[in-house]
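> I'd like to go over a predicted model; first the sequence, then the structure.
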Amino acid sequence: MGRPAILCPKVVRSPSKRLVEGRDKRNRLVVIHRLRRQDVLSEEQKKRAISSLASAFGIAVDLRDQFEFAMLNRAEEFTAEQAMAMLPDEPLREYKPRENILRYIEEAFAPWIEADALTRPLIREKSPRAYMALANWLRNNELPANFPINSQAVSHSPVQMDETNIQAIRDARAAYERQRYAARKLENNV
């Protein structure tokens with residue numbers, strides 16, 4: 001026999017309470033997201049606002065297109081930064097062993113999915129157990145095409161290979177081979 005519910009109310013109430021808190025957090029984020037969508041200006045309104053800013057700051061007419069481009073880019077960056085700042089510090093709930101990992105990710109990481117910021121490194125950081133479960137699941141399965149993990153989050157900018165870079169690499173390789181050949185020749189003669 002287990003303990004009566006009166007003696008251990010934490011055990012009896014905590015799972016449902018946690019779920020309610022998780023739903024509340026998720027609902028708050030969805031409401032905030034919807035409010036943001038309603039407050040968005042049309043493209044024409046944005047251009048008029050930027051134009052009035054440009055004239056207020058005395059930006060030359062020929063530079064206004066560059067100013068508009070820079071302002072729109074910075075506004076998008078700022079919006080993305082604010083969305084990331086509003087995300088919770090931890091998933092809405094913990095992963096339970098033998099739970100369907102894809103369903104868990106969709107439920108527990110809903111705020112990151114809404115912000116289009118869910119990546120495997122983020123899952124690893126926030127919930128190591130869920131990350132291991134996902135890694136184990138991926139041994140035998142592939143992620144569905146519409147699954148919300150963003151694989152493009154980490155972008156590495158490759159070095160642009162033009163003729164000067166290619167020639168510099170060839171010259172360095174040739175110098176290395178010459179030194180190596182000279183060292184072998186010296187070693188064989190001694």
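Arrived safely, thanks for sending.
> hey, let's count contacts and neighbours off CA atoms from now on
Noted.
> tell me the pLDDT of the residue nearest the centre of the chain.
Residue closest to the mean C-alpha point of the chain, counted by CA atoms, centre = their mean, is A117 at 3.7 Å. A117 is assigned 85 on the pLDDT scale.
> would you agree it is in contact with I123?
No. Counting by CA atoms under 8 Å, A117 does not reach I123; the two are 10.6 Å apart.
> look up the closest residue to the residue nearest to the centre of the chain, ignoring the ones flanking it.
Once flanking residues are discounted, A117 sits nearest to N150: 6.7 Å by CA to CA, 6 or more residues apart in numbering.
> also P91?
Closest residue in space to P91, ignoring its immediate chain neighbours: A108 at 5.1 Å, by CA to CA, 6+ apart.
> and the gap between that neighbour and M132?
Going from A108 to M132 by CA to CA, to the nearest Å gives 15 Å.
> the more surrounded of the two?
A108 (20 against 14; other CA atoms under 10 Å).
> which stretches of this structure have low pLDDT?
Scanning the chain for pLDDT under 70 picks out 1-40, 151-161, 190.
> and the helices in the chain?
Along the chain, counting by DSSP state H, helices occupy 9-38, 43-56, 64-85, 101-108, 110-114, 120-126, 128-140, 163-189.
> of these, which stretch is the most buried?
helix 110-114 (a mean of 21; mean count of other CA atoms under 10 Å).
> for that helix, C-alpha coordinates in CSV please.
As requested, the backbone C-alpha atoms of helix 110-114 are provided in CSV (Å, rounded to 0.1, in the frame of the first residue of the first chain):
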residue,chain,number,x,y,z
ALA,A,110,6.7,24.4,-28.8
PRO,A,111,8.0,28.0,-28.1
TRP,A,112,11.2,27.3,-30.0
ILE,A,113,9.3,25.7,-32.8
GLU,A,114,7.0,28.8,-33.0
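> and that helix, how far from the chain's centre?
Once both centres are worked out by CA atoms, centre = their mean, to the nearest Å, helix 110-114 turns out to sit 11 Å from its chain's centre.
> counting by contacts, list what it packs against.
Other helices and strands packing on helix 110-114, by 3 or more CA pairs under 8 Å, 6 or more residues apart in numbering; DSSP states H and E, are helix 9-38.
> now the helices of the chain in TSV, with distance to N146?
Below are those laid out as TSV (distance: least, CA to CA, whole Å):
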stretch	distance to N146
helix 9-38	20
helix 43-56	29
helix 64-85	22
helix 101-108	12
helix 110-114	12
helix 120-126	15
helix 128-140	15
helix 163-189	40
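> and these: which comes nearest P91?
Smallest distance to P91 across the helices of the chain (CA to CA): 5.1 Å, for helix 101-108.
> relative to helix 128-140, how tilted is that closest one?
Interaxial angle, helix 101-108 versus helix 128-140 (axes from the mean of the first three to the mean of the last three CA atoms, to 10 degrees): 140 degrees.
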